[in-house]
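J.: this one's sequence-less:
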Ligand code: SAM
């Protein structure tokens with residue numbers, strides 16, 4: 001019987017596995033600390049398992065791979081960031097997804113949040129305004145085995161009307177007002193998780209639920225700091 005060589009990626013993966021386990025512990029500690037704001041002492045086991053499966057080092061620039069499992073945002077180029085893992089986990093948790101849900105993400109960035117949503121069994125549609133970031137996210141997602149995620153380059157303020165309605169919408173850059181097209185594209189009973197507020201001043205993470213009459217109920221969750229939603233969002 002021929003012996004198969006053992007490649008060094010196994011060892012590398014092993015190193016990152018330990019770092020990912022530490023990151024899960026850091027996220028759980030942040031979740032406990034934030035419980036008075038979020039009302040959730042712990043994130044769901046499904047979300048924690050999804051966070052444990054996605055290899056964040058695949059979604060950051062190679063030079064930052066050694067920092068990929070720190071619980072903090074990192075630069076991904078073009079002045080943008082991959083969000084802090086705790087915030088990715090919390091936003092995923094707040095969406096309360098069921099497998100098969102159709103989810104719109106505004107702000108693909110690195111593709112990491114989209115991969116976490118795919119691990120939760122969602123059908124993911126993600127819009128990014130910067131073509132270079134969308135291309136790089138596409139490459140990283142395919143390389144990591146998430147070829148089913150649909151990406152589009154464009155202004156997420158307008159949503160993705162051809163694919164509406166969505167069971168859930170997640171916005172990963174902050175506008176100052178909730179984009180009306182996104183509310184229109186959310187199904188009745190659906191949830192949107194969105195940071196709201198000007199850059200450099202107080203922003204809040206909101207959960208927005210759409211009622212049968214088309215109105216929304218907003219619930220404030222946590223003070224946050226996100227990059228601004230550009231495009232039409234910046235003109236409102
Ligand atoms: N979800 C991303 C991830 O997992 O890496 C992090 C996103 S980063 C915090 C916010 C992203 O939103 C940036 O890539 C930015 O270019 C994008 N963005 C800003 N305004 C946008 C808009 N109007 N439409 C779509 N994307 C936008």
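T.: Ah, there it is. None of these values were measured; they are calculated from a predicted model.
J.: for the rest of this, base every contact and every neighbour count on C-alpha atoms.
T.: Will do.
J.: where do the strands of this structure begin and end?
T.: With DSSP state E as the criterion, the chain has strands at 74-77, 80-82, 102-106, 123-128, 150-153, 166-171, 186-196, 203-210, 216-224.
J.: so the second one, near the ligand or not?
T.: Yes - using C-alpha under 6 Å from any ligand atom, a contact is recorded between strand 80-82 and the ligand, made by 80-82.
J.: now stretch 129-143
T.: Yes - among the residues of stretch 129-143, 129-130 lie within reach of the ligand under C-alpha under 6 Å from any ligand atom.
J.: figure out how far that stretch is from the centre of its chain.
T.: 14 Å (C-alpha atoms, centre = their mean, to the nearest Å).
J.: which residues does that stretch contact?
T.: 58-59, 77-78, 107-111, 115, 128, 147, 149, 151-156, 231 (C-alpha atoms under 8 Å, 6 or more residues apart in numbering).
J.: next, count neighbours for residue 86.
T.: 22 (other C-alpha atoms under 10 Å).
J.: and the gap between it and residue 225?
T.: 13 Å (C-alpha to C-alpha, to the nearest Å).
J.: gap between residue 200 and residue 186?
T.: Applying C-alpha to C-alpha to residue 200 and residue 186 gives a distance of 29 Å.
J.: tell me which of the two has more neighbours.
T.: residue 186 (24 against 10).
J.: so who does that one touch?
T.: 164-169, 192, 210.
J.: dump those residues to CSV, plus neighbour count and distance to residue 102.
T.: Shown next, in CSV, are these (neighbours: other C-alpha atoms under 10 Å; distance: C-alpha to C-alpha, whole Å):
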residue, neighbour count, distance to residue 102
164, 16, 9
165, 20, 8
166, 25, 5
167, 23, 5
168, 26, 7
169, 29, 9
192, 28, 12
210, 19, 15
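J.: any chance of the residues you listed in JSON lines, with pLDDT and distance to residue 123 too?
T.: Listed next are the contacts of residue 186 as JSON lines, based on pLDDT from 0 to 100; distance: C-alpha to C-alpha, whole Å:
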{"residue": "164", "pLDDT": "98", "distance to residue 123": "12"}
{"residue": "165", "pLDDT": "98", "distance to residue 123": "12"}
{"residue": "166", "pLDDT": "98", "distance to residue 123": "10"}
{"residue": "167", "pLDDT": "98", "distance to residue 123": "10"}
{"residue": "168", "pLDDT": "98", "distance to residue 123": "10"}
{"residue": "169", "pLDDT": "98", "distance to residue 123": "12"}
{"residue": "192", "pLDDT": "98", "distance to residue 123": "15"}
{"residue": "210", "pLDDT": "98", "distance to residue 123": "20"}
